[in-house]
Structure formats: C-alpha cells, structure tokens
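Chemist: quick one: sequence plus predicted model below, questions after.
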Amino acid sequence: MVKGRERLALVPDNRYANAYADVYAHAERSRDSLQAGVEAIVAIAELNPRDAREGLWKLQGDWQAWELLERHVSGGPNQVALRLGAAIQVARSELASPNPQLRQRLPELLEWLGR
C-alpha cells in the first residue's frame, strides 16, 4: 500500500471541495477563524446533514486540510489530533440523529477544539 498525503476522493463531484472553500473563506474573514469556521460548518450541515456527515468523514482523510486546521487548535500535535477527531465524531454523531441539532452543540465543539 502506498502512503499518500493527497485529498481523499470518495465522491466524484465537487461538493466537498466547494464546502471546504466556503468554510475556509468564511473563517479567513473573521477575527476568530476557528469559531467562524465551525459556525460555517454548522450552517452547511443544517442544509444537508447527510452530506455534511460525508464531508466530515472525508475531512478525516484530507491531510492538507488537516494541516491547515492544526494551526487553529490548541495543544501539541497529539492533542490537536485528538481534539479534531473528537470534535468531528461529536458532529458526525449529532448529524446522524433523527433530528440533528448541531448548532446547540457548538459550545461543546469549540470546547473540544480547545476554546
């Protein structure tokens, strides 16, 4: 098996890339880029929870995006990986519920990310 650090291509369309670009652009315009990015993800997830879960799954294998996110999360490399993984799992679990309320979990997500 070849090791790679390329984008995971599970879905052939541009939904993930477009969402990623939207979240990144929103975060860059804000004073608190981490909170703005999480809020943008929540807004996207409210429109389509199933696709948001899929996007979070892809994010876990997207090393380029992961490296960008690491800069915004507090802690050493191992703690950052655990924080990001925990926040993604919380979000994916909530989005899998019959009536997802991800916005209500925003404080918990930010706490997991070190805020």
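Modeler: Looks like it arrived, so ask away.
Chemist: correct me, but Gly85 touches Gln60?
Modeler: Yes: Gly85 is in contact with Gln60 according to CB atoms under 8 Å; the separation is 7.3 Å. (Each C-beta comes from the backbone N, C-alpha and C, glycine too.)
Chemist: what residues are shared contacts of the two?
Modeler: Listed as contacting both Gly85 and Gln60 by CB atoms under 8 Å, 6 or more residues apart in numbering is no residue at all.
Chemist: neighbour count for those two, which is higher?
Modeler: Comparing Gly85 with Gln60 by neighbour count (other CB atoms under 10 Å), the higher total belongs to Gln60, at 15 against 12.
Chemist: how about Ala27, what does it touch?
Modeler: 33-34, 36-37, 40, 72.
Chemist: now list the buried members of those residues.
Modeler: 34, 36-37, 40, 72 (16 or more other CB atoms under 10 Å).
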